[in-house]
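sequence and predicted structure below; questions after.
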Amino acid sequence: MTSFWVGKRVRLRGIEPGDAAAFMRFAEDEEGLGDLVGPPRSAEAYRVWASERAAAKPDGDRFQLAVEALGTGEIVGAVGSHQADPRTGWFEYGITIGAEHRRQGYAAEAAVLLLRFMFDENRYHKCQVRIFAHNEASLALHRRLGFVEEGRLRELVYLSGRHRDVVMMGMLAREFTQVHSTTDASSSP
């Protein structure tokens, strides 16, 4: 039997202490997009963070996973559930893929694996995602995945010297099932 966490292109796995350099690159890539600009962190800070994540106990349905390319074993991104409310049945997730690995299907497949876990195994009813309005690639990805725009929070964040809108998108479990086959663990658009 194939692992629930393995698709055709990627494997989702826990963060290891040696992943620090990859996460440092992802942060630089996000800044390059005009997202999440903050003070630079040292390589040591990333090593400490990765070591803490590797040793951390589960926090309910909130977690972060490394996205590893099956062909190379290289970490190409990260995906995780950042907020989760099991009583009302909704969760919010996020994904990042390193700049040199974008547009290769990694994001779609990693997202489907995570969504399948949250919807099918943990019985959540709804997923939502917040996307910076200027991130056209992420908006397009989520539309292909089956998310629909539910609203726009005007000038909610201040990034790269200006206020930016945030687009709220959502998908219900039944919509996920309609778009993504449950028989193929690696189905992605």
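Thanks, I have the structure now.

moving C-terminal from the helix or strand of the chain with the lowest mean pLDDT, which element do we reach first?
The weakest-scoring helix or strand in the chain, judged by mean pLDDT, DSSP states H and E, is helix 20-32 (a mean of 81). As assigned by DSSP states H and E, the chain's next helix or strand after helix 20-32 is helix 43-55.

what angle separates the least confident helix or strand of the chain from helix 43-55?
For helix 20-32 against helix 43-55, the angle by axes from the mean of the first three to the mean of the last three Cα atoms, to 10 degrees is 110 degrees.

please begin residue numbering at 59 from this point
Will do, 59 is the new start, and the previous item becomes helix 78-90.

tell me what helix 78-90 is packed against?
Packing partners of helix 78-90 (3 or more Cβ pairs under 8 Å, 6 or more residues apart in numbering; DSSP states H and E): helix 101-113, strand 133-143, strand 148-155. C-beta: built from backbone N, CA, C; applies to glycine.

relative to residue 193, which of the ones you listed is closest?
Evaluated with Cβ to Cβ, the helices and strands packed on helix 78-90 place strand 148-155 nearest to residue 193, the distance being 10.8 Å.
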